[in-house]
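[1] I would like to see how this sequence folds:
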Amino acid sequence: MDLFKGSDSNKNFEITIIVRDKDGKPTGRKKTISSDNSSDVYNFVESNRPRKKRRRKKNQKKNEGNS
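    Got it, this is the predicted structure:
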């Protein structure tokens, strides 16, 4: 099955991303890109990729038990 059959072989990439809040719930906003250049789409996806938050290490006191 050729999705581009009958076209002049111009491949158009389109991506729609739903914006979510910090709890993962959709906010109702969307980000969309449409381009013929795959590197533009790649840069868009990389710039909108969620980043993992670094957790702070708590200073744990060593248990100095008298056992």
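[2] For stretch 32-40, give me every contacting residue.
    Residues outside stretch 32-40 that contact it (CB atoms under 8 Å, 6 or more residues apart in numbering) are 10-17, 41, 44. In short, each C-beta sits where N, CA and C put it, glycine included.
[3] what's the farthest-apart pair in those?
    Asn10 and Ile17 (23.2 Å; CB to CB).
[4] which one of the two has more residues nearby?
    Ile17 (14 against 7; other CB atoms under 10 Å).
[5] Look through this structure and tell me its longest strand.
    Determined from DSSP state E, the single longest strand within the chain is strand 26-35.
[6] Provide the strand pairings for that one, with the direction of each partner.
    Neighbouring strands of strand 26-35 in its sheet, by DSSP bridges, are strand 13-20 (antiparallel).
[7] Restrict the strand it pairs with to CA atoms and write it as CSV.
    Provided in CSV are the C-alpha atoms of strand 13-20 (Å, rounded to 0.1, in the frame of the first residue of the first chain):
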residue,chain,number,x,y,z
PHE,A,13,5.3,15.6,7.8
GLU,A,14,2.8,16.8,10.3
ILE,A,15,2.9,16.3,14.1
THR,A,16,0.4,17.5,16.7
ILE,A,17,1.4,17.4,20.4
ILE,A,18,-1.1,17.8,23.2
VAL,A,19,0.3,20.0,26.0
ARG,A,20,0.0,18.5,29.5
